[in-house]
Each structure stands twice: as C-alpha cells, then as structure tokens.
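A.B. asks: sequence plus predicted model, see below.
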Amino acid sequence: QVQLVESGGGLVPAGGSLRLSCAASGRTFSNYVMAWFRQAPGKEREFVALLVWIAGAEKFSDSVKGRFTVSRDNAKNRAYLQMNNLQPEDTAVYYCAAGESYYSATYQLPQRYDYWGQGTQVTVSS
C-alpha cells in the first residue's frame, strides 16, 4: 500500500507559478510510476504528467507541455509538479497517482494507477 498526500495548491494570477508536492508513504516509493492528473468542475479527470523513475521517461499532455515539469526525490519519498505560466484553463483539482506498472500505450488512463491522493485545488485568475 502507498499513501499519497498532495500539497502546494492555491490561487495565482495568470502567468504565475506553483509547485505541487506529493508525499508518499508505505511501500518503496522508487518502484512506482508517479503521475499527475487534474479534474475541473464538470469535466473528467485528465492526465497531466508522468515520471517513470527507472526508465527515465517523462510524459506530458499537450496542454501543459513546455510549461510544466515533473521531478521526484526518492530519498524524501516525494514527487513534484512545477507549473509555470499558469492560465485560467489550468484551474482544477490536481491529484498525484502511483502505479505499479508503466503502460506505454495507455498511461493517460486513470485506471492504470493503483493509488491516489486526496487532491489539491489550483485556481488561476485571469
């Protein structure tokens, strides 16, 4: 079992930055695929970014590519989502997720992940 807790959300003006943190506890953190999703009101949960530590692979949705970066600190059992040049359309609840396997073709699907945090709200004002 892995427990995930997100933090770092808040209210920022358009063009601003935030760094989200995901603290993990439980089983060996470094073995998991770490991903970030977001869900805006009335919309489905959508993939944002992923980091496969062992493979060194990073994936981003087209909507955040070039603005968001991902990283992790296995010694601290934390994953991070750095969000730059935030726009109002980035407003959502952001979730970190951990998966025991990496699905190269379907990593964007929420059902590929076994553990989820409670989410943190990000609001970008125009």
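C.D. replies: Received it, and whenever you're ready, just let me know what you need. Numbering: from 1, shown residues only.

A.B. asks: can you pull the pLDDT of Arg27?
C.D. replies: In this model, Arg27 is scored at 73, pLDDT.

A.B. asks: from Thr28, how far out is Glu100?
C.D. replies: Noted for Glu100: a distance of 11 Å to Thr28, by Cβ to Cβ, to the nearest Å. Placement of C-beta: from N, CA and C, glycine included.

A.B. asks: who has more neighbours out of those two?
C.D. replies: Taking other Cβ atoms under 10 Å, Glu100 and Thr28 do not tie; Glu100 has more neighbours (13 against 10).

A.B. asks: which ones are touching the spatially closest residue to the more buried one that is not a sequence neighbour?
C.D. replies: Spatial nearest neighbour of Glu100, excluding adjacent residues (Cβ to Cβ, 6 or more residues apart in numbering): Asp114 at 5.5 Å. For Asp114, the contacting residues are 2, 98-100, by Cβ atoms under 8 Å, 6 or more residues apart in numbering.
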